[in-house]
Every structure is written in C-alpha cells, then in structure tokens.
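S.K.: The amino acid sequence is not available; the structure is as follows:
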C-alpha cells in the first residue's frame, strides 16, 4: 500500500514564528488532505489538496503531485496551533480509505 | 446533526468483555469510515460503509471486530472478548456524497482494556 512519511516528527516554535511541515508519499494520489488534531483529540480537516496551492488565513498548503510531496505552511504561529498535524492520502478521489502518516507534533510556546 | 457524534467518549472494559461503540454521522453523508488510533500514532483504517453496505473491511484486525450500519445512518463498531491491545481511540468519519472524499471526524471513543 501507499506509504506516507511526515517530517519533522516533532517541532517546537516560539509564538509568532513560521514553519513548514512536509508530507512525502510513495505512489500517485488523487486525494490528499491535511488534518489538525487538537490536544483534546479532535481531528479537523484543514485542506483537501491533491494538487496545487490553497490558503486559509495563516495556513497554506502546496502539493506537487508529480514529485509526490505536500507542504503545509503555518505563519505567525499561535499557541492554539499546537497539536498534531496529519497528512492523509488515497489513490482515488472517490470514497477510498485515506492512509495517514504518523504526524508532526507541533508545540507553540508563548 | 451538525457534526459526527460518537459515544461513549470513554469506555473502560475488563479483558474479555464485549464493547459497542456508536457513531452518528452527519445527516445526508452516505459514506462512513471507522479508524483506530493507537497512542502516538496516526489513525489506521478499519472499515468503510456506503449507505448500509460494508464495502471494505480489510482493516479490521481480527474476527473479534464487527461493524454494522443497518439503516445506512448510525453505525456500531463491536469488539468481542476485548484484549489489552484493543486499547485505542476509535474514530468515526463521514463524507458527503458529492465531490471528493473530504472527511469530517467525530471526537472519538477512547477504549481502555484492563
């Protein structure tokens, strides 16, 4: 099956700093999503981004499908950004189960 | 409902007990997924329903795990004769029938087997 690798595994930032999280995947995909899991365990969908670039406030994401990676950018980080960020992929854009990476644990300190 | 609702949020079971975890998806979402998340890991796929049909159960770890969605809305994940290795958070997600498979997750059910 598809392998998903995320880096770095852990990241500590000072409030206000910027960061880039990376997701590499082993096969062609037509579905890629980024999620944030808050400290209470709730998974929130951030982006559906099988290709191209999207922005939502301080967050943006870019997927280069031909090179099998995606990047999540967090600018001007806030303590509420803390949690685990997961990348998840699937070969098909339809209802094919997503395969998750192990996540990047982000801690933003004041 | 407005979101995916899961119950119970926390369940403690003695080894060997049977447990049932409930998921109430977003109204109108035909696709429903169950994932298992061990501590410090990413969610791992268990099974998938489209309406009442279970289309993929390849992720169920053993025949002690059983899922159903008899009327195409609420789903139940049942674990028989629980073992300590079943301790995990069980996440349910649903997705809209239109467009891509963009998942909305519930808050999860944390199962601890003693």
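M.R.: Arrived safely. Since the model is a prediction, treat every value here as computed from it, not as a measurement.

S.K.: going forward, measure contacts between C-alpha atoms and count neighbours the same way
M.R.: Noted.

S.K.: Write out the residues of chain A neighbouring chain B.
M.R.: For chain A, the residues in contact with chain B (C-alpha under 8 Å from any C-alpha of the partner chain) are A:31, A:33, A:41-45, A:48, A:86, A:93-103.

S.K.: What's the ChimeraX line that selects buried ones from those?
M.R.: Of the residues of chain A next to chain B, the buried ones can be selected in ChimeraX as follows, counting by 16 or more other C-alpha atoms under 10 Å in any protein chain shown:
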select /A:31,33,41,42,43,44,45,48,86,93,95,96,97,98,99,100,101,102,103
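
S.K.: Out of the residues of chain A next to chain B, which sit inside strands?
M.R.: Residues of these located in strands (DSSP state E): A:31, A:33, A:43-45, A:48, A:86, A:99-100.

S.K.: Please list all residues in contact with the residue of chain A found nearest chain B.
M.R.: Residue nearest to chain B within chain A: residue A:102 (4.6 Å; C-alpha to the nearest C-alpha). Going by C-alpha atoms under 8 Å, 6 or more residues apart in numbering or on different chains, residue A:102 touches A:4-6, A:9, A:86, B:40-42.

S.K.: Please identify which pair of these lies farthest apart.
M.R.: Within those, two members stand farthest from each other by C-alpha to C-alpha: A:4 and B:40, at 15.6 Å.

S.K.: How much space separates the residue of chain A closest to chain B from residue A:21?
M.R.: As judged by C-alpha to C-alpha, to the nearest Å, residue A:102 and residue A:21 stand 12 Å apart.

S.K.: of all of chain B, which residue lies closest to chain A?
M.R.: residue B:42 (4.6 Å).

S.K.: Skipping adjacent residues, who's closest to that residue in space?
M.R.: Spatially, and ignoring its direct neighbours in sequence, residue B:42 is nearest to residue A:102 (4.6 Å; C-alpha to C-alpha, 6 or more residues apart in numbering or on different chains).
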